[in-house]
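Undergrad: Structure for the following, please:
(one chain, ligands or ions: 1)
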Amino acid sequence: MTELATVSWSELKTFQRCPKQHEYKYTQRLVPKEKSRPLFLGNWVHKALETHHTQGNWKIGHAEYVNQWNKLFEEERLALRTRGKRVGLPFPDIVSRIMRSYLWYYRDDPWETVAVEQEFEVKTPLEVNGVRIYFKGIIDLVIRDEEGRLWIIDHKTASNIPMPTAFHAMDPQLMIYPWAAKLAFGWDVAGIIYNYVKSKPPTVPQLTKTGLVSRRKIITDYPTLMRFIKENDLDPEDFAVARKQLRRKSPFLKRYRYPREKHVTVEILKDALATARAIQTTRRRTRTITRDCQRMCPFHDLCRAELNGFDTTMMRRQQFTLKENKVVDRFGPDDYGEEESD
Ligand code: SF4
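TA: Below is the predicted model:
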């Protein structure tokens, strides 16, 4: 009988980034105890968006994370808020400002929700040493647009939203989600929409000591500006240019559409199958050391200590727990890749 092995898109991406990181995460199943700021914040926004689309109320998902936040020690909360020397807003405030802005700009959203957090598992043509490879994943959202076409939506939180022409704006492996959706559910999906949400909330303008509006350059949005004008009893006409610009579009939200292309699907599928084969057949999990290791990899200290031949027993105990079940995750903020860099 043929054995089965499943591989998630996230797992493929981790292996492609660094086989050693893959070993720590998927073979040894190490889970860092310390919460990563982009990961925690990204998952939080993601959850709020999820309940917005399922139950019409973002506050349900938000409340789950507020609960988690309240259970953290004060030092943990402070560590998450601190970036360099600056202590930022508590996360509940950040997320509620992000979500209020999202709802304002997309208040007339023509999207009709078809499925939310849709799990799938599909058989691939790949068999390695008698093991049949299946791909699995979770689709954030499937919607029907105003023309009746189906789209797969991937929520992305990032401190800097890339330009639509940037190669990395398209998370390439996701381009096989339409292929998987067809196999798993028979859906003819038009393509992927990357739903970018900036992980920094709009900045509130400030008044100087003399009561004038500070001229410091800030990035804000329409609802935040209007609230500031109202609360300080200012004349909206004095902000006519900014109001006009910000009313049309938010600098904190972008949606990029990538229609399904057969050639791209085939190329990405071939890449994915080659990576899945390498996961099954490569014994040595090599290190891919780059300048991003220190900032982006949660296993950095461990990897470095082992490279230098140190005993890491204590470090492992102090910094990690073990994931009991096989790691199942989705693309997005859980990939340690949507790091904040500003
Ligand atoms: S620190 Fe770098 S080389 Fe080591 S596991 Fe992480 S990504 Fe790989």
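Undergrad: where's Gly211 relative to Leu234, distance?
TA: Distance from Gly211 to Leu234, counting by Cβ to Cβ, to the nearest Å: 10 Å. No exception for glycine: its C-beta is placed from N, CA and C like everyone else's.
Undergrad: Which residues of the stretch 151-300 of the chain lie near the ligand?
TA: If contacts are counted using Cβ under 6 Å from any ligand atom, the residues of the stretch 151-300 of the chain sitting beside the ligand are Arg287, Thr288, Ile289, Cys293, Cys297, Phe299, His300.
Undergrad: Please check those residues and keep the buried ones.
TA: Burial by neighbour count, judged by 16 or more other Cβ atoms under 10 Å, picks out Cys293, Cys297, Phe299 from those.
Undergrad: What backbone torsions are found at the second one?
TA: Yep, that's Cys297 we're talking about. Recorded main-chain torsions at Cys297 are phi -100, psi 120, according to degrees, to the nearest 10.
Undergrad: Just the pLDDT for it.
TA: Looking at Cys297, its pLDDT stands at 94.
Undergrad: Likewise for Met1?
TA: The model reports Met1 with a pLDDT of 60.
Undergrad: Tell me how many other residues crowd Leu234.
TA: Neighbour count of Leu234, defined by other Cβ atoms under 10 Å: 15.
Undergrad: now Glu261
TA: The number of residues packed near Glu261 is 13, by other Cβ under 10 Å.
Undergrad: how much space between the nearest residue to it once chain neighbours are set aside and Ala158?
TA: Once flanking residues are discounted, Glu261 sits nearest to Met175: 7.6 Å by Cβ to Cβ, 6 or more residues apart in numbering. Here the criterion is Cβ to Cβ. By it, Met175 lies 19 Å from Ala158.
Undergrad: first to last residue in stretch 23-36, what's the distance?
TA: Terminal residues of stretch 23-36 are spaced 19 Å apart (Cα to Cα, to the nearest Å).
Undergrad: With stretch 102-114 instead?
TA: From the first residue to the last, stretch 102-114 extends over 20 Å; the measure is Cα to Cα.
Undergrad: buried set for the strand ranked longest in the chain?
TA: The strand that spans the most residues within the chain, counting by DSSP state E, is strand 112-128. For strand 112-128, a neighbour-count test (16+ other Cβ under 10 Å) marks Val114, Ala115, Val116, Gln118, Phe120, Val122, Thr124, Leu126, Val128 as buried.
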